[in-house]
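>>> starting from these lines, generate the structure:
(one chain, ligands or ions: 2)
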Amino acid sequence: MMQPFIKLITLLVALLGLATALVGVIGFIVFLSYSGIQLPSLAGEDNAVPQPVAEVPIPKALADPAGMWRAPDWPSVDFEPNAADIKYGKELVANTSEYLGPNGKVKAISNGMNCQNCHLQAGTVPLGNNYGAVASTYPKLRARSGTEEDITKRINDCFERSLNGQALAKDSKEMIAMAAYINWLGKDVPKGEIPAGSGIYEVPAMDRAADPIRGKLVYDRQCQSCHAADGQGMPRPDGKGYIYPPLWGKNSYNHGAGLFRLSRFAGFVRANMPLGATFENPMISDEEAWDVAAYVNSMDRPVKDLSQDWPDISKKPVDHPFGPFSDEFTEEQHKFGPFKPIREARAKSK
Ligand code: HEC
Ligand code: HEC
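Ligands and ions are numbered 1, 2, ... in the order given. I've put the predicted structure just below:
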């Protein structure tokens, strides 16, 4: 009566033993192949199929964080005699649209973007287009206007170009506040010095022209989830600024803005986009940055009368995309590169 039952148990125990042995053998083989010990090849050396080596991109910091400019501690602002101005200035840089945008409660003079959409965290992020070198280097002679510019003129440049709007009066409460804030940020930098980590990262030049078609692939993969397929971003529901700012179209920067130069756009994006990237933990490559810059800056955007810019045309940066030029390179090459030949020709003619 018990006989078949015992037989069954014996069979099961035997099967279990076999399975354990099998797992052991497989485990040993896996161990061998991972430990790098060469297994004898059944196929022979000649027929061995080369295994593709998986390329794992290792994130690489763009610069050494040691010794980089950092903003003064915010609470220390209370020791300043003009603390109220500085605080209002920071508020205006962070929430420009609320005060000075299309429905601004002070004045409607700009396109709805905030300064800090481009000057990240109110202009304090290392290589995030920060204001670390402004107090120490202004006033200065700027070749774009051919005049000496103080900080208020430079702020108005961004109002008229990056924010596609109008200038603020120099003696307005708002201008005094923004200048006070930017001066305070740079107060510890010795006059004339440009500290490490200030401004925008310089992306190494490519040997080829930047390619808008490759750039569109980058855009679709890495940018459009926030900035939208049509580049218009996403406005805040209350109409005060953007959750995701626009990259082209009527609400974006105009073609006289800094970001319209390929090197400025590529440098900003390389170290700061997609959102969450930093210079220490960048998310796209040099090439992707140049190509996506070429794509975005090929799309429609507001135009500005630039006829008064660059009174000395030989001072135009190599990536200024509008002629006439003092060299024989085309507008196309000045817009998309390659920039090295232009630089070399300029160095030779000097
Ligand atoms: C669409 C992007 C964008 C917006 C918005 C913007 N800026 Fe700028 N700003 C730039 C770029 C690009 C530069 C040039 C940086 C460079 O050439 O290294 C710049 C340069 C500046 C500079 C000079 C920095 C230096 O080191 O020489 C100041 C000051 C400035 N902006 C202030 C402002 C203020 C204030 C606002 C808001 C009223 C503003 N910007 C809005 C993109 C922007
Ligand atoms: C996860 C969302 C997200 C992704 C993805 C993203 N961005 Fe942004 N981007 C933002 C936000 C938010 C800001 C504004 C930052 C702020 O105000 O602090 C911004 C700002 C910008 C700006 C400056 C402001 C403007 O509108 O001109 C540029 C240029 C830009 N992004 C380009 C890119 C590019 C190119 C990519 C793809 C490589 C990208 N971004 C991917 C969210 C994103």
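>>> for the residue nearest to Arg264 when sequence neighbours are not counted, phi and psi?
Leaving aside its sequence neighbours, Arg264 sits nearest to Gly258 (C-beta to C-beta, 6 or more residues apart in numbering; 4.7 Å). All C-beta spots, glycine's among them, are computed from the backbone N, C-alpha and C. Summarising the backbone geometry of Gly258 under the convention degrees, to the nearest 10, its torsions are phi -60, psi -40.
>>> Gly258 touches Ser162, doesn't it?
Yes. Between Gly258 and Ser162 there is a contact at 6.6 Å, judged by C-beta atoms under 8 Å.
>>> the two: which has the busier surroundings?
With neighbours defined as other C-beta atoms under 10 Å, Gly258 and Ser162 compare such that Ser162 has more, 23 against 18.
>>> any idea how far the more buried one lies from ligand 2?
According to C-beta to the nearest ligand atom, to the nearest Å, Ser162 and ligand 2 sit 8 Å apart.
>>> pLDDT at that residue, what is it?
pLDDT, Ser162: 98.
>>> let me see the contact set for it.
When contacts are counted by C-beta atoms under 8 Å, 6 or more residues apart in numbering, Ser162 is found next to Met113, Cys118, Tyr253, Ala257, Gly258, Leu259.
>>> what about the one residue sitting closest to the centre of the chain, which SS state?
Centroid-nearest residue in the chain: Val269, 1.9 Å away (criterion: C-alpha atoms, centre = their mean). Using DSSP: H, G, I helix; E, B strand; the rest coil as the criterion, the local structure at Val269 reads helix.
>>> hang on, it packs against Asp286?
No. With the criterion set as C-beta under 8 Å, Val269 and Asp286 do not qualify as a contacting pair; they are 10.7 Å apart.
>>> touching both of these two, which residues are there?
Counting by C-beta under 8 Å, 6+ apart, nothing touches both Val269 and Asp286.
>>> show me the helices in the chain, by range?
Taking DSSP state H to define them, one finds helices in the chain at 3-34, 83-94, 96-100, 115-118, 120-123, 134-137, 151-160, 173-185, 212-222, 224-227, 262-272, 286-296, 331-336, 340-349.
>>> run the contact check for the third one versus ligand 2.
To tie it back to what came earlier, the one meant is helix 96-100. No. Judged by C-beta under 6 Å from any ligand atom, helix 96-100 makes no contact with ligand 2; its nearest approach is 10.3 Å.
>>> other SSEs contacting that helix?
helix 83-94 (3 or more C-beta pairs under 8 Å, 6 or more residues apart in numbering; DSSP states H and E).
>>> for ligand 2, state which of the contacts of Ser162 is nearest.
The shortest gap between ligand 2 and any of the contacts of Ser162 belongs to Cys118, at 4.6 Å (C-beta to the nearest ligand atom).
>>> and the closest one, what does it touch?
The neighbours of Cys118, taking C-beta under 8 Å, 6+ apart as the test, are Asn129, Ser162, Leu259, Phe268.
>>> if we can go back for a sec, quick check: the gap between the residue nearest to Arg264 and Pro317.
To Pro317, Gly258 is 10 Å away according to C-beta to C-beta, to the nearest Å.
>>> in space, what's closest to the residue in the stretch 1-150 of the chain positioned nearest to ligand 2 - neighbours in sequence excluded?
Taking C-beta to the nearest ligand atom, ligand 2 has its nearest neighbour within the stretch 1-150 of the chain at Asn117, 4.1 Å off. If the residues on either side of it in the chain are set aside, Asn117 comes closest to Pro245, at 4.3 Å by C-beta to C-beta, 6+ apart.
>>> and the one you found, how close does it get to Gln121?
Here Pro245 is placed at a distance of 14 Å from Gln121 (C-beta to C-beta).
>>> pick the one among the contacts of Cys118 closest to Ala94.
Each of these was scored against Ala94 by C-beta to C-beta, and Asn129 proved nearest at 14.1 Å.
>>> check contacts around the closest one.
Cys118, His119, Leu120, Gly123, Gly199, Ile200, Phe268, Asn272.
>>> adding distance to Val134, write these out as CSV.
CSV is the format used below for the contacts of Asn129 (distance: C-beta to C-beta, whole Å):
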residue, distance to Val134
Cys118, 14
His119, 10
Leu120, 15
Gly123, 8
Gly199, 9
Ile200, 13
Phe268, 16
Asn272, 18
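>>> turn those into CSV, columns for pLDDT.
Putting the contacts of Asn129 into CSV (pLDDT from 0 to 100) gives the following:
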residue, pLDDT
Cys118, 98
His119, 98
Leu120, 98
Gly123, 98
Gly199, 95
Ile200, 98
Phe268, 98
Asn272, 98
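>>> and which of the residues you listed is nearest Gly186?
Taking C-beta to C-beta as the measure, Gly186 lies nearest Gly123 of these, at 9.7 Å.
>>> the closest residue to the closest one other than its chain neighbours and ligand 1, how far apart?
Spatial nearest neighbour of Gly123, chain neighbours left out: Tyr131 (3.9 Å); criterion: C-beta to C-beta, 6+ apart. Relative to ligand 1, Tyr131 is positioned 6 Å away (criterion: C-beta to the nearest ligand atom).
>>> what's the burial count for Tyr131?
Other residues within reach of Tyr131, judged by other C-beta under 10 Å, total 25.
>>> great, nothing more from me.
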